[in-house]
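Make a model of this:
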Amino acid sequence: MTKFAVLIAAFALALWLPATTNAQDVTATPCEPGLAPSRFVELAYERIEVYDFEAAISLFTCAVELDPTFAEAFMNRGAAYAVIRRNDMALADYDRTIALDPTYAKAYSNRGGVLLELGRYEQAIDDFTQAIRLDPTLLAAYNNRGRASYSLDRFENALRDLNFVLSRNPDYANALYNRGNVYVGLGEYETALEDYNRSLELEANFPPAYSGRANAYYHLGEYELALADANRALDLNASLAASYNIRGKIHAALDAREEALADYNRALELDPTLVDAFYNRGNLFVQAGLLDRAIADFDRVLEIKPEYADGYAARGNAYGLMGEYERALDDASRAIELNPALTEAYYNRGSIYYLQENYEDAIEDFNRALLLEPDFAEPYLGLGLVYIDEERFEDALLHLQHYIELMGDEVNPDIAAAVESLEQRLSGS
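Take a look at the predicted model:
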């Protein structure tokens, strides 16, 4: 492994090892007189090999003080700063590197990596793209551009980049993990499991892959397997916010609400910008009837991710439960504008129209929801209630029966009794 590769490997490792040097100040050590700048860089690489990043930074600093045009030293000092989460210093060093050598592909790629961790996805994509233009063989840039595209819900773009990486290196564990995340985003959970399993075959102690697999199991309803993987991820690294968020979802599915809330809270302590944790905690508050707290969380979701259709749909649902129907309609309509295929938003808006006795628009929205998702039970209930109010009892019975069929054992007994009563009324018995 080259010395540069050692540094990059250390940087990648630090993204999922327990954080012990988070945003630390670096105390400079005196520079040994008589050494050439290149020798300080060699000594810095030796410190990186034993994960002594603070000492490495001091040695890189000696190199650039002696030679302010030493682009490689600035670039690698930036990477060391990134490892200890001194992102401001890392970005400054990458900027200086690029100013000294605008053709330095790895500097663009590394700067993109820091921007990615900061959630500045569009800027990150620009840097990864420039790195690829300069060096089309730089697989890390493709891998991380795929991550950035995934974070923006551009799943097809992400898949294209990650497939390219894996066509060149089928044993790239991080790319397999990232592609697994994309497949989860696309709802292809079994395919995602294949990627997570392969990633863990290659890197048996890779916490994010356990978290990713836990998420896939969660979506498949395999909650015990999901919980085991989430716990394994946190055993390996107790500072991964995403792992607490995923375990929170699993606890919520198992009706362990206190445990779920504790997990979401811990996730947000570790990462106050984690949209999914705010979104999931908001939904937990809705279930508990704590609507003001739910709306506060959904507000935070939309501050961080203003174009997030699901966030508008969830907040609109909470407003509807509070009886604030106009706000609910505004949010549902905004959700549909951002994502015209969001079934839940049509259902929620249809429900508000029903409560306002705007039956024509309610019917249209419930039917639109069913066109998108024919096995979605609730719109059938909504249509049944509309048709009862319109005294279209045969139509009402047809839709309510379909609702009961889809709900199976989970149907509300009161609804089942009402449908039975309607059947008897129409049959004349």
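
can I assume Ala44 is in contact with Glu54?
No. Between Ala44 and Glu54 there is no contact under C-beta atoms under 8 Å: 10.9 Å. For glycine as for every other residue, the C-beta is placed from the backbone atoms N, C-alpha and C.

Mind checking which of the two has more residues around it?
Each of Ala44 and Glu54 has its neighbours counted (other C-beta atoms under 10 Å); Ala44 has more, 27 against 17.

Spit out the contact partners of the more buried one.
Residues in contact with Ala44 (C-beta atoms under 8 Å, 6 or more residues apart in numbering) are 55-57, 59-60, 63, 73, 76-77, 80.

Can you select the buried ones among the residues you listed for me in ChimeraX?
Restricted to buried positions by 16 or more other C-beta atoms under 10 Å, the ChimeraX selection for these reads:
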select :55,56,57,59,60,63,73,76,77,80
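
Among the contacts of Ala44, which lie within helices?
Of these, the ones assigned to helices by DSSP state H are 55-57, 59-60, 63, 73, 76-77, 80.

And the furthest pair within those?
Ala55 and Ala73 (14.5 Å; C-beta to C-beta).

burial measure for Ala328, as a count.
Ala328 has 23 nearby residues by other C-beta under 10 Å.

Pull up the gap between it and Arg425, please.
Separation of Ala328 from Arg425 (C-beta to C-beta, to the nearest Å) stands at 33 Å.

same thing with Val165?
Val165 is 63 Å from Arg425, by C-beta to C-beta.

Give me the more crowded residue out of the two.
Taking neighbours as other C-beta under 10 Å, Val165 and Arg425 compare with Val165 leading, 23 against 11.

That one: which element?
Take DSSP states H and E as the rule and Val165 turns out to sit in helix 155-168.

Could you pull out the buried residues of that helix?
So, applying 16+ other C-beta under 10 Å, buried residues of helix 155-168: 155, 157-159, 161-162, 164-166.

residues in contact with it?
Counting by C-beta under 8 Å, 6+ apart, 139, 142-143, 145-147, 149-150, 172, 175-176, 178-179, 182, 185-186 sit against helix 155-168.

try 10 Å
Residues outside helix 155-168 that contact it (C-beta atoms under 10 Å, 6 or more residues apart in numbering) are 125, 128, 132, 136-137, 139-152, 154, 172, 174-188, 195, 198.

Stretch 64-75 too?
By C-beta under 10 Å, 6+ apart, the list of residues contacting stretch 64-75 reads 4, 7, 28, 31, 35-41, 44, 59-63, 76-77, 92-101, 103-104, 106-107, 110-111.

other SSEs contacting the helix or strand that Ile246 is a member of?
Using DSSP H and E, Ile246 maps to helix 241-253. Helix 241-253 makes packing contacts with helix 207-219, helix 223-236, helix 257-270, helix 275-287 when contacts are defined by 3 or more C-beta pairs under 10 Å, 6 or more residues apart in numbering; DSSP states H and E.

Might you list the low-confidence residue ranges for the stretch 151-300 of the chain?
For the stretch 151-300 of the chain, no stretch has pLDDT under 70.

one step back: which ones among the contacts of stretch 64-75 are found in strands?
Judged by DSSP state E, those include no members of strands.

Just the buried ones from the residues you listed?
Here, 16+ other C-beta under 10 Å leaves 7, 37, 40-41, 44, 59-63, 76-77, 93-94, 96-98, 100, 104, 106-107, 110-111 buried among those.

wait, Val114 sits on Phe128?
No. The pair Val114 and Phe128 does not pass the contact test of C-beta atoms under 10 Å, sitting 11.7 Å apart.

who has more neighbours, the two?
Shown here are Val114 and Phe128; by other C-beta under 10 Å, Phe128 has more neighbours (29 against 26).

which ones are touching that one?
Taking C-beta under 10 Å, 6+ apart, we find Phe128 in contact with 108-109, 111-113, 115-116, 138, 140-149, 161.

before we move on, what about Phe298?
278-279, 281-283, 285-286, 308, 310-319, 331.

do that again at 8 Å, thanks
For Phe298, the contacting residues are 278-279, 282, 311, 314-315, 318, by C-beta under 8 Å, 6+ apart.

now Glu122
Glu122 neighbours (C-beta under 8 Å, 6+ apart): Leu152.

Check which residues of whatever helix or strand it lives in are buried.
Using DSSP H and E, Glu122 maps to helix 121-134. By 16+ other C-beta under 10 Å, the buried positions in helix 121-134 come out as 121, 123-132, 134.

does Pro37 really touch Ala63, like I thought?
Yes. Contact status for Pro37 versus Ala63: in contact at 4.2 Å, counting by C-beta under 8 Å.

Just the element for Asp176, please.
Residue 176: Leu, not Asp. helix 173-185.

surely Ala175 meets Gly146?
Yes. The pair Ala175 and Gly146 qualifies as a contact (C-beta under 8 Å) at a distance of 7.4 Å.

Can you report how many residues neighbour the spatially closest residue to Leu134 that is not a sequence neighbour?
Leaving aside its chain neighbours, Leu134 sits nearest to Ala105 (3.8 Å; criterion: C-beta to C-beta, 6 or more residues apart in numbering). Other residues within reach of Ala105, judged by other C-beta under 10 Å, total 19.

Pull the contacting residues for Ala105.
Contacts of Ala105 (C-beta under 8 Å, 6+ apart): 130-132, 134-135, 138, 141.

one more time with 10 Å
Counted by C-beta under 10 Å, 6+ apart, Ala105 has contacts 130-138, 140-141.

Kindly reformat those residues as JSON lines containing distance to Ser351 and pLDDT.
JSON lines is the format used below for those (distance: C-beta to C-beta, whole Å; pLDDT from 0 to 100):
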{"residue": "Gln130", "distance to Ser351": "48", "pLDDT": "97"}
{"residue": "Ala131", "distance to Ser351": "48", "pLDDT": "97"}
{"residue": "Ile132", "distance to Ser351": "47", "pLDDT": "98"}
{"residue": "Arg133", "distance to Ser351": "50", "pLDDT": "97"}
{"residue": "Leu134", "distance to Ser351": "53", "pLDDT": "97"}
{"residue": "Asp135", "distance to Ser351": "53", "pLDDT": "97"}
{"residue": "Pro136", "distance to Ser351": "52", "pLDDT": "97"}
{"residue": "Thr137", "distance to Ser351": "54", "pLDDT": "96"}
{"residue": "Leu138", "distance to Ser351": "50", "pLDDT": "96"}
{"residue": "Ala140", "distance to Ser351": "47", "pLDDT": "95"}
{"residue": "Ala141", "distance to Ser351": "46", "pLDDT": "97"}
